[in-house]
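[1] my questions are about this predicted structure, shown below with the sequence.
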Amino acid sequence: MSNRLELLPAVDVRDGQAVRLVKGASGSETSFGEPLAAALAWQSAGAEWLHLVDLDAAFGTGDNRALVREVTERLDIKVELSGGIRDDATLAAALATGCRRVNLGTAALETPEWVAKVIAEHGDKIAVGLDVVGTTLKGRGWTKDGGDLYEVLARLDAEGCARYVVTDVNRDGTLTGPNLQLLRDVCAATDRPVVASGGVSSLADLLAIATLVPEGVEGAIVGKALYEQKFTLEEALEAVS
Ligand SMILES: O=C(O)c1ccccc1N[C@@H]1O[C@H](COP(=O)(O)O)[C@@H](O)[C@H]1O
């Protein structure tokens, strides 16, 4: 395990556009233009990863599958792909893009047998997104409760899940800082790497997350702070180097 925090700039796609939401609420979108342009900009700035989300697929309002595939194919960097990956067909389509790994949300809550099967088949190509309000997991575009964080985490650990992407829904898109206690608590409950998501607003926030690397935090997703130019990706990469 590296002791440097990985950074994953985010491109969330809704209706063909790169957007940011507030607390994941449908309708709270601010648009930031073409997803491919944003992704290429993060790549040029030195990103090693892109966190790419098909929000329409996550919300059940259609999908941006062709666009997401094009973005993934055009990049040289590693892509973590999420949103609407819930069955064999959507998983096969996601993996066929050439992404490095996929991130499953709703499926881990609603179809645990299928998730156990794909973890066994695909190993570290599968991460699970633990999207929480308090300790309650959220699925279906973060609109439905899906059980207790620590019960689901224990089950997924036992099934061999390689990695978790932990999002505090109430911080996501708010620029109010990451939930460091949640990250500490999840790291204490699992020996798998954790990618932090939600709330990053400053380089100081990234440095605070980086202090949790020894506890198991591997990376941090950065979205709104980059789009709203709170800092540049180059500055962020330098800060955590
Ligand atoms: O990233 C968001 O802002 C977001 C908002 C609302 C719902 C989901 C969101 N993102 C990611 O989507 C996947 C879950 O998709 P699914 O449940 O597997 O279809 C997960 O990675 C969320 O973090």
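    Okay, I see it. Numbering: from 1, shown residues only.

[2] now the element after the worst-scoring helix or strand of the chain on mean pLDDT, going C-ward?
    Least confident helix or strand of the chain, by mean pLDDT, DSSP states H and E, is strand 30-31 with a mean of 93. Counting by DSSP states H and E, the next helix or strand C-terminal to strand 30-31 is helix 35-44.

[3] that following helix close to the ligand?
    No - for a cut-off given as Cβ under 6 Å from any ligand atom, helix 35-44 has no contacts with the ligand; the smallest distance is 13.4 Å. For glycine as for every other residue, the C-beta is placed from the backbone atoms N, C-alpha and C.

[4] try stretch 163-182
    Yes - judged by Cβ under 6 Å from any ligand atom, stretch 163-182 comes into contact with the ligand at 167, 172.

[5] and that stretch, how far from the chain's centre?
    10 Å (Cα atoms, centre = their mean, to the nearest Å).

[6] now swap in stretch 41-59 and tell me
    On Cα atoms, centre = their mean, the centre of stretch 41-59 falls 9 Å from that of its chain.

[7] what number of residues lie near the closest residue to the ligand within the chain?
    Using Cβ to the nearest ligand atom, G105 is the residue of the chain that sits closest to the ligand, at 2.8 Å. Per other Cβ atoms under 10 Å, the neighbour tally for G105 reads 27.

[8] and it, how far from R86?
    Going from G105 to R86 by Cβ to Cβ, to the nearest Å gives 9 Å.

[9] contact residues of the chain facing the ligand?
    Checking the chain against the ligand by Cβ under 6 Å from any ligand atom, the hits are 12, 21, 24, 53, 55, 57-58, 82-86, 103-107, 129, 131, 139, 141-142, 167, 172.

[10] apply 8 Å and report the result again.
    10, 12, 20-21, 24-26, 53-55, 57-59, 82-86, 103-108, 129, 131, 138-142, 165, 167, 169, 172-173, 197, 223 (Cβ under 8 Å from any ligand atom).

[11] now the residues you listed: which count as buried?
    10, 12, 20-21, 24, 26, 53-55, 57-59, 82-86, 103-108, 129, 131, 138-142, 165, 167, 169, 172-173, 197, 223 (16 or more other Cβ atoms under 10 Å).

[12] re earlier: what strand or helix carries the residue nearest to the residue of the chain closest to the ligand when sequence neighbours are not counted?
    Sequence neighbours aside, G129 is the residue nearest to G105 in space, at 4.3 Å (criterion: Cβ to Cβ, 6 or more residues apart in numbering). Assigned by DSSP H and E, G129 falls within strand 126-133.

[13] if I pick T111, what's in contact with it?
    Applying Cβ atoms under 8 Å, 6 or more residues apart in numbering to T111 gives the contacts 86-87.

[14] no, scratch that, I was asking about L55
    12-14, 19, 21, 64, 83, 141.

[15] what bridges to the closest residue to it other than its chain neighbours?
    Excluding its sequence neighbours, the residue lying closest to L55 (Cβ to Cβ, 6+ apart) is R14, at 4.3 Å. R14 has these beta-bridge partners by DSSP bridges: Q17.
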